[in-house]
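Participant: All I have is the shape, not the residue letters:
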């Protein structure tokens with residue numbers, strides 16, 4: 001399964017995104033399905049779903065999810081701003 005890097009800015013990476021768009025567009029026009037193993041969050045964006053849940057993050061980047069979960073847990077433990 002692949003997750004696209006939305007921070008890609010190099011000319012080569014942008015060219016690759018353009019090529020992928022042409023490939024998907026051609027598949028739509030010709031009615032030929034593609035067997036693309038993209039992460040479910042990519043497909044959510046394709047169909048217009050813009051909400052991104054923590055569960056989505058967990059399946060895409062477990063390390064980042066764990067970091068956020070630790071921060072969230074620490075914030076819940078803090079009873080006031082003086083604890084910081």
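Facilitator: Looks like it arrived, so ask away. All values derive from a computational prediction rather than experimental measurement. Numbers count the residues shown, from 1 in each chain.
Participant: Output the contacting helices and strands for the helix or strand of the chain with the lowest mean pLDDT.
Facilitator: For the chain, the helix or strand with the lowest mean confidence is helix 40-46, at a mean of 80 (criterion: mean pLDDT, DSSP states H and E). Helix 40-46 sits against helix 54-60, with contacts defined as 3 or more C-beta pairs under 8 Å, 6 or more residues apart in numbering; DSSP states H and E. For the C-beta atoms, the positions are set from N, CA and C on the backbone; glycine is no exception.
Participant: The next helix or strand after the helix it packs on packs against which elements?
Facilitator: With elements assigned by DSSP states H and E, the helix or strand that comes after helix 54-60 is helix 62-77. Under the contact criterion of 3+ C-beta pairs under 8 Å, 6+ apart, helix 62-77 touches helix 54-60.
Participant: I would like the residues contacting the helix it packs on, please.
Facilitator: Around helix 54-60, the neighbours that count as contacts under C-beta atoms under 8 Å, 6 or more residues apart in numbering are 3, 39-41, 44, 64-65, 68-69.
Participant: go again using 7 Å as the cut-off
Facilitator: Here helix 54-60 makes contact (C-beta atoms under 7 Å, 6 or more residues apart in numbering) with 3, 39-41, 64-65, 68.
Participant: residue contacts, the residue positioned nearest the centre of the chain?
Facilitator: The centroid of the chain falls nearest to residue 41 when counting by C-alpha atoms, centre = their mean (4.9 Å). Taking C-beta under 7 Å, 6+ apart, we find residue 41 in contact with 52, 56, 60.
Participant: Go through these and say which is closest to residue 35.
Facilitator: residue 60 (20.2 Å; C-beta to C-beta).
Participant: what about that closest one, how many residues close to it?
Facilitator: By the criterion of other C-beta atoms under 10 Å, residue 60 has 16 neighbours.
Participant: re the thing from before, so which of the contacts of residue 41 comes closest to residue 20?
Facilitator: The closest of those, once distances to residue 20 are taken by C-beta to C-beta, is residue 60, at 18.2 Å.
Participant: Quick check: the gap between the closest one and residue 44.
Facilitator: 11 Å (C-beta to C-beta, to the nearest Å).
Participant: ok, now residue 77?
Facilitator: On the measure of C-beta to C-beta, residue 77 and residue 44 end up 32 Å apart.
Participant: Thank you, goodbye.
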